[in-house]
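Colleague: pasting the structure only:
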């Protein structure tokens with residue numbers, strides 16, 4: 001292996017800058033250009049401007065990132081077959097916990113970062129070298145590790161960095177245990193009744209901050225409860241402990257409202273306060289013993305360091321699990337590639353674990369990469385027992401990855417809102433949503449436009465995201481132009497997220513288009529947090545960015561929908577069967593809208609023809625309420641059904 005002279009090095013790429021390796025790389029930054037994939041928030045606050053984050057946009061187009069991610073999966077699958085699973089097992093409360101699957105999930109993402117850094121180094125015009133982390137060095141010792149990832153590395157510097165990484169991990173474990181211990185003791189000292197005790201059927205750990213509402217008219221995390229098949233008393237919602245400042249006041253109010261409304265919900269700390277004190281003290285003593293034992297053991301055994309981290313996170317849930325004894329544990333698709341270690345423990349207890357997808361897909365499109373299969377390593381090695389998806393197409397996509405534990409089931413569209421509105425009289429819904437009763441009498445066609453919030457690259461990291469600020473501007477520009485083009489439509493615009501949140505990068509011109517819609521007589525701008533099924537229910541047809549979920553939901557209910565690509569970049573994708581529903585540029589959009597508005601579409605045979613064309617991309621039973629079979633599925637788990 002060649003050794004490189006540091007004095008000749010122009011650039012050094014580091015996977016992560018954190019408090020324990022900051023000084024090392026700050027000193028090196030006086031001799032070389034140091035760039036990092038991730039920089040810890042603490043280091044950013046110190047104002048260490050000499051170390052810069054890697055700007056992926058300077059090195060890769062979205063097509064490049066899609067291809068790179070797909071190649072990572074090709075390289076990871078043979079490597080994981082040599083993974084030393086036996087070294088990742090340990091005992092906990094008379095159960096043998098196998099954390100090898102969780103370790104592979106985490107290491108797969110580290111492998112992806114290492115792959116990315118080496119690709120940047122290979123493409124750089126100036127001498128560029130990679131510093132390895134303790135995780136990439138661990139993987140490099142396995143059979144099947146790609147040879148090209150051993151090149152362009154600074155071995156001595158990598159060794160020093162792994163020592164810093166280990167110290168940092170020890171510190172994180174200590175901080176994690178201290179937080180756990182403090183919260184357990186706080187639960188002992190401050191008692192509070194949230195709801196009556198007793199066993200629950202469902203432990204719901206998929207509450208998103210965007211869903212912090214109890215109203216049926218809004219996007220709400222309680223959508224799964226119908227008080228018939230799933231009751232409030234049998235469902236326990238775990239609320240997020242930390243949210244952005246924008247959501248904190250809402251979360252604080254909600255914690256009180258849940259109790260008054262009969263919902264069993266709270267943060268982990270809230271739930272500790274109704275768990276018996278004896279149980280909290282037992283887990284406090286147990287956590288102390290485990291941390292002391294594994295903390296020393298991890299000095300000699302590399303795997304024990306990560307196992308300690310998993311156990312600390314898992315033990316935060318253990319008092320809740322032992323007190324409420326759930327039958328199944330549910331989380332959302334956001335957990336894919338990052339499932340909580342408690343899943344391993346719950347499976348050992350016999351609790352069925354479920355991930356439900358609130359979106360129709362996780363792959364978008366490419367412009368110049370016809371050979372891309374859009375696979376992503378986060379879909380490999382899912383730990384949960386079941387993954388519930390919208391469509392057969394997404395099921396096939398997930399199953400194209402290496403899987404050993406999960407069963408992928410198609411249930412149909414699932415969104416955080418009351419889906420029953422889609423089966424009510426559309427005229428009633430239109431009178432509630434429209435500007436006046438007269439609008440419906442005039443016979444206008446209701447066209448609903450759904451956007452996708454533009455997110456800056458710094459927050460997207462490895463996720464190719466074509467919905468940029470400019471793409472959003474062009475999309476809404478074309479949508480607004482339709483109002484003047486067609487006098488027989490009422491346009492509803494449903495923004496995905498709040499237009500005022502600083503997290504999203506809307507342009508001034510985009511906001512100007514929204515203002516035009518607000519003032520226009522034949523337009524309605526819906527709140528971003530409205531029940532997501534309401535615009536589906538009132539739509540005569542829909543327009544959305546390719547290939548976003550609300551339009552898929554409309555197709556599921558037999559509503560015509562178009563995926564509008566204003567820039568003409570949605571060329572290669574996994575939606576070949578839906579090509580007739582894609583428009584590239586305003587001229588195609590106008591032509592398709594004109595055809596849809598002035599062609600007959602009202603009979604059941606029209607819907608059957610539509611469903612026949614898009615059958616692989618919609619729910620198992622088109623036109624039906626998908627929330628009902630989802631509830632049936634959870635109830636069957638309580639009864640011990642759906643054996644694997």
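Modeller: Sure, I can see it. This structure is a prediction, so every number in the text was calculated from the model and none was measured.
Colleague: Now residue 578. Nearest residue, chain neighbours left out?
Modeller: Spatial nearest neighbour of residue 578, chain neighbours left out: residue 614 (5.8 Å); criterion: CB to CB, 6 or more residues apart in numbering. Every C-beta, even on glycine, is put in place using the N, C-alpha and C of the backbone.
Colleague: Over to residue 322?
Modeller: residue 279 (6.3 Å).
Colleague: Confirm the one you found sits in a strand?
Modeller: No. Checked against DSSP: H, G, I helix; E, B strand; the rest coil, residue 279 lies outside a strand; its state is helix.
Colleague: Quick one: residues contacting it.
Modeller: The contact partners of residue 279, by CB atoms under 8 Å, 6 or more residues apart in numbering, come to 319, 322-323.
Colleague: show me where pLDDT drops low in the stretch 1-150 of the chain?
Modeller: Counting by pLDDT under 70, the low-confidence segments of the stretch 1-150 of the chain come to 1-9.
Colleague: likewise the chain?
Modeller: Those would be 1-9, 193-197, 294-300, 434-442, 457-462, 641-644, if you go by pLDDT under 70 across the chain.
Colleague: most residues in a single helix of it, which one?
Modeller: Longest helix of the chain, by residue count under DSSP state H: helix 155-189.
Colleague: following that one, which helix or strand shows up next?
Modeller: The C-terminal neighbour of helix 155-189 among helices and strands, as given by DSSP states H and E, is strand 202-204.
Colleague: count of neighbours near the closest residue to residue 199 other than its chain neighbours?
Modeller: In this structure, residue 199 finds its nearest non-sequential neighbour in residue 325, 4.8 Å apart by CB to CB, 6+ apart. Using other CB atoms under 10 Å, residue 325 has 14 other residues around it.
Colleague: who's in contact with residue 497?
Modeller: Neighbouring residues of residue 497 by CB under 8 Å, 6+ apart: 210, 453, 503-504, 528.
Colleague: wait, which of those residues is closest to residue 165?
Modeller: Closest to residue 165 out of the contacts of residue 497 is residue 503 (29.6 Å), distances taken as CB to CB.
Colleague: Can you give me every residue that contacts residue 224?
Modeller: If you count contacts by CB under 8 Å, 6+ apart, then residue 224 has 202, 204, 230, 235, 330, 627, 630-631, 634 around it.
Colleague: hang on, residue 558 packs against residue 622?
Modeller: Yes. Taking contacts as CB atoms under 8 Å, residue 558 lies within contact range of residue 622: 6.9 Å.
Colleague: Spatially central residue in this protein, please.
Modeller: residue 334 (2.7 Å; CA atoms, centre = their mean).
Colleague: and the helix or strand hosting residue 115, which residues are buried?
Modeller: When elements are defined using DSSP H and E, residue 115 is found to belong to helix 100-123. In terms of neighbour count (16 or more other CB atoms under 10 Å), helix 100-123 has its buried residues at 100-121.
Colleague: coming back round to it: tell me which of the contacts of residue 224 fall in strands.
Modeller: 202, 204, 235, 330 (DSSP state E).
Colleague: Of those residues, just say which sits nearest to residue 498.
Modeller: Among the ones in strands among the contacts of residue 224, and counting by CB to CB, the member closest to residue 498 is residue 204, at 24.1 Å.
Colleague: Now for that closest one, how many residues are close by?
Modeller: So residue 204, with other CB under 10 Å, has 27 neighbours.
Colleague: Which residues are in contact with it?
Modeller: Counting by CB under 8 Å, 6+ apart, residue 204 makes contact with 221, 224, 235-238, 330-331.
Colleague: can you check residue 14 too?
Modeller: 21, 25, 34-37, 51, 131, 161.
Colleague: Out of these, who's the most crowded?
Modeller: Within the contacts of residue 14, most neighbours by other CB under 10 Å means residue 131, with 26 neighbours.
Colleague: Secondary structure element holding the spatially closest residue to residue 315 that is not a sequence neighbour?
Modeller: Once flanking residues are discounted, residue 315 sits nearest to residue 287: 5.0 Å by CB to CB, 6+ apart. In this assignment (DSSP H and E), residue 287 forms part of helix 277-300.
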